[in-house]
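Engineer: Sequence first, then the predicted structure:
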Amino acid sequence: NFCLSFTSVMMTTSSLFLILVSFMVVEIDILHASGGGGYAGPFVYGPVSTSNTAVFGSPGLSICYRVEPKNNVNTLVCCEAKGFDSSQREQWTNIGCGYSSITGCVDWGNILSLPDVKCKGNPTGTMYSWSH
C-alpha cells in the first residue's frame, strides 16, 4: 500500500512539474519576443534579416511582425515578412509602410522555421529593428 501511494504522489508531482514548466516556457516566450535588425536599402528591398528564434507552427497559426525604423532622415520604410501558404510554401507578404512603426501579421501554419523580414526605404536607406 505504501508503494502504491508513493507512486501516485510521484506521478502527481511529475505532472504538476510538467504543467508548471510548460507555463513558464509560455510565459518566457511571451515576455521575450525575438527578432533582429537590418538595413532598408533605398528603393530596393535590402538584405533579409533572419530571427534568432524559430516559430513552432500549428494549423491555422498566424504570426505578427513589428518593424521600427531607426529613422533620423524622414525615410518612409516599407517591409515584407516571410510566411507560408496553405500548401506550406514560403511566401513574402507586404506588411505595410511607415515612418515610425510598421505592424502586420502573416499566415504561418504548421511550419517550424525562422521568421524573416526585408525592408526598403524611400527616398534613402535606414536601419531598423524588428520583433515577432
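Structural biologist: All right, it came through fine. The model shown is predicted, which means the values in this text are computed figures rather than measured ones. Residues are numbered from 1 along each chain as shown.

Engineer: residues near residue 113, how many?
Structural biologist: Residue 113 is flanked by 18 other residues according to other CB atoms under 10 Å. The way it works is simple: take the backbone N, C-alpha and C, and place the C-beta from them, glycine included.

Engineer: just residue 108 next, same as before
Structural biologist: Residues near residue 108, counting by other CB under 10 Å: 24.

Engineer: confidence score at it?
Structural biologist: pLDDT, residue 108: 97.

Engineer: quick one, what contacts it?
Structural biologist: 55, 57, 61, 62, 63, 83, 84 (CB atoms under 8 Å, 6 or more residues apart in numbering).

Engineer: Can you say which of those residues are buried?
Structural biologist: With burial judged by 16 or more other CB atoms under 10 Å, the buried subset of the contacts of residue 108 is 55, 57, 63, 83, 84.

Engineer: who's in contact with residue 115?
Structural biologist: Going by CB under 8 Å, 6+ apart, residue 115 touches 34, 35, 50, 51, 55, 63, 65, 81, 82, 132.

Engineer: Tell me, what's the model's pLDDT at it?
Structural biologist: We have a pLDDT of 98 for residue 115.

Engineer: and if you look at residue 29?
Structural biologist: pLDDT, read off for residue 29, is 39.

Engineer: before we move on, back to that, between the buried ones among the contacts of residue 108, which sits nearest residue 97?
Structural biologist: Distance to residue 97 across the buried ones among the contacts of residue 108 (CB to CB) is lowest for residue 83, with 17.9 Å.

Engineer: what about that closest one, which helix or strand?
Structural biologist: Using DSSP states H and E, the element containing residue 83 is strand 76-84.

Engineer: Parallel or antiparallel, list what pairs with that strand.
Structural biologist: Neighbouring strands of strand 76-84 in its sheet, by DSSP bridges, are strand 90-98 (antiparallel), strand 116-122 (antiparallel).
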